[in-house]
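Participant: Sequence plus the predicted model coming up.
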Amino acid sequence: PLKHINRGDCAEMDSVSKALEEVLSAALLQGRITVGVYEAAKSLNVDPDNVVLCILATDDEDVKDVALQIHFTLIQAFCCENDIDILRVNNTRRLAEILGGGKQGGEQMDLHCVLVTSPRTSTAKNQALWKVNHFCHESRCMDQWVPVIHLPER
C-alpha cells in the first residue's frame, strides 16, 4: 500500500516538485530520459549504475491495473536493490507536459515509468537533482521507500 508523506510543509513539497520539473526538463534536453515500463526495464538491466532517478507515474484509474502494479513492484524492487532513487508522481498529464507533450513520433508515450540517467557534466541543474535525491533519502530514513510527489498543474 502507498503511504503519502505527511512531513514538512507545502513549501517543501512545492520545492521538491519544482526541482523534479527542473531535473526532467534538463534531462530531456540532454537526452537522458528513458520513457516506458518496457524500455525502462531494458535500460535498468543493461546499465543500472547510470540511472539516478526512477519515476513511477499513475492517475486514479491506474490503481486498478493489476499488471501495471506488478510491473511497478518489480521495478521498485530492482531500484531498491541497486540504490536507485524512486518517486511516485500522481499527475501523468502534467508529467506529459514537462516531457514535451507525451507524444513521440505521433505515438502516445507510456509515461508510467521514466528513468533519468546521470548528467554528463556538472551544471546548476545538478542542484535540483541533489534536492530530489536528498528528498528520496530523507523519505527512506522515515520508512517511506517510494515517496509520492504531486506535480501541480501550470
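Facilitator: Looks like it came in fine. Residues are numbered from 1 along each chain as shown.

Participant: Strands of the protein, start to end?
Facilitator: 33-35, 51-57, 85-89, 103-104, 107-108, 113-117, 148-149 (DSSP state E).

Participant: Just give me the lowest mean pLDDT stretch among the ones you listed.
Facilitator: Comparing mean pLDDT across these, the weakest is strand 103-104, with a mean of 62.

Participant: check contacts around the residue most central in space within the chain.
Facilitator: When CA atoms, centre = their mean is applied to the chain, the residue found nearest the centroid is residue 55 (1.8 Å). For residue 55, the contacting residues are 20, 24, 86, 87, 88, 89, 95, 113, 114, 115, 116, by CB atoms under 8 Å, 6 or more residues apart in numbering. All C-beta atoms are positioned from the backbone trio N, CA, C, and that covers glycine.

Participant: will you turn those into a markdown table that also has distance to residue 69 and neighbour count?
Facilitator: What follows is the contacts of residue 55, written out as a markdown table (distance: CB to CB, whole Å; neighbours: other CB atoms under 10 Å):
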| residue | distance to residue 69 | neighbour count |
| --- | --- | --- |
| 20 | 22 | 24 |
| 24 | 23 | 23 |
| 86 | 14 | 20 |
| 87 | 16 | 20 |
| 88 | 12 | 18 |
| 89 | 15 | 23 |
| 95 | 18 | 23 |
| 113 | 12 | 23 |
| 114 | 17 | 27 |
| 115 | 19 | 25 |
| 116 | 22 | 25 |
